[in-house]
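1. sharing a sequence plus its predicted fold:
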Amino acid sequence: MKQQTLAMAADTQSGFEQHRKPTRRDEFLKTMDALVPWAALCEEIAPHYPKAGNGRPPIGLERMLRIHFIQHWFNLADLACEEALYDSASLRRFVGIDLGCEPVPDATTMLKFRHLLNDNKLGQALFTRVGKELQARGIKVNTGTIVDATIIGAPSSTKNADKARDPEMHQTKKGQQWYFGMKLHIGVDSQTGLTHSAVVTAANVHDKHPLPDLLHGNEQRVYGDSAYASQKALIASKAPQAKDFTNQRTRRAGEVNEVQRAKNRNKSRVRARVEHVFAVIKRLWGFTKVRYRGLQKNATRAFTALALANIYLCRSHLLGQVRP
C-alpha cells in the first residue's frame, strides 16, 4: 500500500472534512468504478499503448482511460478536464491521483491519448468489447431491434483559418429547420434497451441507408419510426426472418388512417426505448455537438459514449451481481 500524503488524506472523507456529504457525482463515480470492466478495456488498448523503455515512462494505461471516460461523462475538453482534476477531490480519487507526490496529466497528454484511440479505431473496439463483457454477465442480445438516428450538430461558421465549414459534415432539413452536422444511427435491443450496433454518417444521409448495418441478422421484429417505412427489402437483406414493425405513414390524400395510427401508437411503446440511449449521451453527458473536425474523430467519441451508456443503462442489473 502506498503511504498517504497530507494532500491525499485531505481528499478522503476520513481526513479534515468531518462533515462532508457524498454528492451525486461521488455516487456516480463509485458506481462506474465498480461496473466498468477496466482490465478488459485496457487489454484492447494495450497493444497500441507506448511501452516503458528509454526516455520518459508513459502514464499508466488505466489512469489515462479513467481520465478519458471522465471527459465523456462530464463533457470536458482537454484543458477543462485538467483543471477539473486539480479542482475536484472526487475526480482525483476516481483516477487515483495524489497531488502530494504527482501532478495531474496535462492537456497535451490527454490529446495524445485521444489521438491514439482515434488512429487505431479503438472507440469501435471498446464498444464491441463492452458488448461482449455484458453478454458474459448474462445480458443477451434478443430477437428484436429498434433502429433510429439523431443529428449531432457541428459549427456552421466559416470564421476559421480555412474559411470553410467542415467538409465531412453536411446539412439536412428536419421539419422546417435546417441542421448542419453528422448523424448517429443506432440499433438497440428491444428488450434490454442496449445498443448493439452503430453507424456514423454525415447529416444528409437518409436514415434508411445504414439500416442493414444496424441489424445483427437474427431479428424476428424490427422497430423504427416512419423514416424507415416501406423498407422491407432492406430489412430482409440482412434479417430474412424479421417482420417489419416500423411505423407506417398515416396520412394519405389529406385523410388520416386512424387504424394505422393506433397500430403506430402500439409500436411506439416499444420503439421509445431507443430514446433512452440518446437521452443519456446527449442530455445527460452533453454530446449534442461535435467537438472535433471530421467524422472519424467524432465517431470514436460516439462509439465510446455508446459503450459507457450501455453500462450505465444496465447498472441496476450489474450492481445486483456485484453486491454480496
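-> Cool, got the structure.

2. quick check: domain ranges of the protein?
-> In terms of domains, the chain is parsed into 6-119, 141-292 (source: automatic domain parsing).

3. pLDDT weak spots in the stretch 51-200 of the chain?
-> Under the criterion pLDDT under 70, the flagged ranges of the stretch 51-200 of the chain are 54.

4. what segments of it are helices?
-> All helices of the stretch 51-200 of the chain, identified by DSSP state H, counting those that start in this stretch, fall at 61-73, 78-87, 89-95, 107-119, 122-136.

5. okay, the ones you listed in CSV with mean neighbour count and distance to residue 240 next?
-> For the C-beta atoms, the positions are set from N, CA and C on the backbone; glycine is no exception. As requested, the helices of the stretch 51-200 of the chain are exported to CSV (neighbours: other C-beta atoms under 10 Å; distance: least, C-beta to C-beta, whole Å):
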stretch, mean neighbour count, distance to residue 240
helix 61-73, 20, 37
helix 78-87, 16, 47
helix 89-95, 20, 46
helix 107-119, 17, 36
helix 122-136, 19, 23
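
6. out of those helices, nearest to residue 199?
-> Evaluated with C-beta to C-beta, the helices of the stretch 51-200 of the chain place helix 122-136 nearest to residue 199, the distance being 10.7 Å.

7. circling back: residue 260: which of the helices of the stretch 51-200 of the chain is closest?
-> Comparing the helices of the stretch 51-200 of the chain against residue 260 with C-beta to C-beta, the closest turns out to be helix 122-136 (34.9 Å).

8. just the angle between that closest one and helix 61-73, please?
-> Taking axes from the mean of the first three to the mean of the last three C-alpha atoms, to 10 degrees, one finds helix 122-136 and helix 61-73 inclined to each other by 100 degrees.

9. which residues touch the residue lying closest to residue 113 once chain neighbours are set aside?
-> Computed as C-beta to C-beta, 6 or more residues apart in numbering, the closest residue to residue 113 that is not its neighbour in sequence is residue 64, at 4.8 Å. By C-beta atoms under 8 Å, 6 or more residues apart in numbering, the contact set of residue 64 is 105, 109, 110, 113.

10. on that earlier part again, I'd like the domains of the chain as JSON lines, with distance to residue 133 appended.
-> Below are the domains of the chain laid out as JSON lines (distance: least, C-beta to C-beta, whole Å):
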{"stretch": "domain 6-119", "distance to residue 133": "5"}
{"stretch": "domain 141-292", "distance to residue 133": "12"}
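
11. okay, these, which one's buried deepest?
-> Using mean count of other C-beta atoms under 10 Å, the stretch among the domains of the chain with the largest mean neighbour count is domain 141-292, at a mean of 17.

12. next one: it to chain centre, how far?
-> Relative to its chain's centre, domain 141-292 lies at 15 Å (C-alpha atoms, centre = their mean, to the nearest Å).
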